[in-house]
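Trainee: Give me a model of this one.
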Amino acid sequence: MKRNVFYVLMISILSMVFALPALSQTATVKGTCKDDKGNPVPDAQVTWHNNDNGRTFNLKTNKKGEYFSLGLDPGTYTVTLSKDGKELDKATNYKVGADEMTLDFDLKKSQEQAVQETAKQKGLTPEQVKQMQEQQAKVENYNKSIGAVNEKLKAATAAEQATPPNYDVAIASLNEAAQMAPNEDLVWFRLGGAYLDSAKTQTDPAEKTKRYTEAYNDLQKAIDLKKSKTPETGASGAAAANGQLAQGNAQGAQGNAPPAQGGKPAVQSAMDNQRMAAYYDNFAAAAARVGKSDEAVSAYQHAAELDPAHGGQYYYNLGAVLTNSNATNDVKIRKQAIEAFDKAIAADPNRADAYFWKAQNLVGMATTDPSGKIIAPEGTTDAYQKYLELQPSGPHAEETKQMLAALNATVETTYGKKSTKKK
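Mentor: Numbering: from 1, shown residues only. Below is the predicted model:
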């Protein structure tokens, strides 16, 4: 009886042993991650995704760039190395058995392999592929920063358009933008314009001069940068490839497109010319304020040549600079001023101030006869009278009437009235 019980008990124990499930096999994975300079990649994520059952294991590297994990199911894996949300490298169809597996990531080697593969596919040399990749990296870096730069430009625009304008805030934002994008001519143009406008509001002569000088320097930098850009692209480096700066207040006036230049479409060429004309216009204003009249004259001439559609304004500004800078009453300079005002009038026959200042320069060349009568050059009274016709109550109306009286000329104007004939 006892023997039978013992026999039954042994059979039961054996049955329990044979009923246990077989232990599943798992693998151990480890590796070291290095960047393209051979340095460890710490705090990175190494994601093991089992393509067979869909399970994912997220591992993390230590300060030495090492990672380690137990318990991975055998299978085919996609392994991704990433950091801060950016994928750095990847291994596909990586077979894992029931052993310890070592998978290292060496970004330098991976990049070299990628270059070789790309070169083979595209029929290029490895050096050409590297150049392409470097250019693409520049584009990506530019596009990352351009958003922040545009925000600074928008903040500056808002400050300039406030009531009253807050030029100091605008200048601060534009200085930050210039630090972010030091090679962008538009940023320096905007900064120079802000200094130029802010100088007009200053009461302290030293501060006013300082701001005009800043405007002169920044606008010169904008012009130099614009000139340095290749005719084929019209924009430098990455800016031409993808991202674009918001122009804000810096947009030049739009006019008729001149013929295409440097292989660029006519519309693009016209826009480039208009922008450069605006640069020269502001630069000339700053140059005149810091006593560089010759540079101001040259800049206004460049502006008028680049943007004929708005040449009237540029020629008027040129005439004003010549008039204001002619402290010695140089006849040659007066003739140059008159020529500039004539061009402004030809572009816009209703520009009243151009007639007034033309007449003022003509009067400056007047002589007197033996009786003391003023003999003004031909066209002087016509210019004064045209001013009164266009602006009978304008800011120079009384002065104009006095000058006509001194010249013994009759004030004639039909502005706003119908002419009548006496019978």
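Trainee: could I get stretch 38-48 in CSV with only the CA atoms?
Mentor: Output of stretch 38-48 as CSV, limited to C-alpha atoms (Å, rounded to 0.1, in the frame of the first residue of the first chain):
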residue,chain,number,x,y,z
GLY,A,38,34.9,60.6,-32.3
ASN,A,39,33.4,61.9,-29.1
PRO,A,40,30.8,60.0,-27.0
VAL,A,41,27.2,60.9,-27.6
PRO,A,42,25.7,61.1,-24.0
ASP,A,43,22.0,61.2,-23.1
ALA,A,44,21.0,59.9,-26.5
GLN,A,45,18.1,57.6,-27.3
VAL,A,46,18.7,54.2,-28.8
THR,A,47,15.4,52.7,-30.0
TRP,A,48,15.2,49.0,-30.8
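Trainee: what distance separates it from the centre of its chain?
Mentor: Distance of stretch 38-48 from its chain centroid, counting by C-alpha atoms, centre = their mean, to the nearest Å, is 36 Å.
Trainee: Hmm, Leu124 is touching Thr118, no?
Mentor: Yes. Using C-beta atoms under 8 Å, Leu124 is in contact with Thr118, at 7.4 Å. Where you see a C-beta, it was placed from the backbone N, CA and C, and this is true even at glycine.
Trainee: And this protein, what are its domain boundaries?
Mentor: What automatic domain parsing lists as the domains of the chain is 27-122, 127-251.
Trainee: Out of those domains, name the one with the poorest average pLDDT.
Mentor: Here these differ in mean pLDDT, and the lowest is domain 127-251 at a mean of 84.
Trainee: Output the below-cut-off pLDDT ranges for the stretch 301-423 of the chain.
Mentor: Scanning the stretch 301-423 of the chain for pLDDT under 70 picks out 410-423.
Trainee: where do the helices sit along it?
Mentor: For the stretch 301-423 of the chain, the helices defined by DSSP state H, counting those that start in this stretch occupy 311-325, 331-347, 352-363, 380-390, 397-406.
Trainee: Would you point to the one among the ones you listed that's packed deepest?
Mentor: Each of those was scored by mean neighbour count; the highest is helix 352-363, a mean of 24, by mean count of other C-beta atoms under 10 Å.
Trainee: So what touches that one?
Mentor: 316, 319-320, 323, 334, 337-338, 341-342, 344-345, 348, 376-377, 379-381, 383-384, 386-387, 390-391, 394, 396, 400, 403 (C-beta atoms under 8 Å, 6 or more residues apart in numbering).
Trainee: change it to 7 Å
Mentor: With contacts defined as C-beta atoms under 7 Å, 6 or more residues apart in numbering, helix 352-363 is touched by 316, 319-320, 323, 334, 337-338, 341-342, 344-345, 376-377, 379-380, 383-384, 386-387, 390-391, 394, 396, 400, 403.
Trainee: tilt between it and helix 311-325?
Mentor: 40 degrees (axes from the mean of the first three to the mean of the last three C-alpha atoms, to 10 degrees).
Trainee: for this structure, what's the longest strand?
Mentor: When the chain is parsed with DSSP state E, its longest strand is strand 86-96.
Trainee: Pull up the pairing partners for it, direction included.
Mentor: Next to strand 86-96 in the sheet, as set by DSSP bridges, lie strand 75-83 (antiparallel).
Trainee: Please, where are all the strands along the stretch 101-250 of the chain?
Mentor: 105-106 (DSSP state E, counting those that start in this stretch).
Trainee: which residues touch the closest residue to Ala346 other than its chain neighbours?
Mentor: Closest residue in space to Ala346, ignoring its immediate chain neighbours: Gly312 at 7.8 Å, by C-beta to C-beta, 6 or more residues apart in numbering. Contact analysis of Gly312 by C-beta under 7 Å, 6+ apart lists Ala344, Ala347, Asp348, Arg351.
Trainee: Tell me how far the third one lies from Lys63.
Mentor: Taken as C-beta to C-beta, to the nearest Å, the spacing of Asp348 relative to Lys63 amounts to 72 Å.
Trainee: and for Leu124 and Thr118, which residues touch both?
Mentor: Counting by C-beta under 7 Å, 6+ apart, nothing touches both Leu124 and Thr118.
Trainee: Show me which of Asp348 and Lys63 is the more surrounded one.
Mentor: Asp348 (15 against 8; other C-beta atoms under 10 Å).
Trainee: How about the contacts made by that one?
Mentor: Applying C-beta under 7 Å, 6+ apart to Asp348 gives the contacts Gly312.
Trainee: give me phi/psi at it?
Mentor: phi -150, psi 90 (degrees, to the nearest 10).
Trainee: right, so the domains of the chain: which one is the most enclosed?
Mentor: Mean neighbour counts for the domains of the chain (mean count of other C-beta under 10 Å) peak at domain 127-251, with a mean of 17.
Trainee: Alright, calling it a day.
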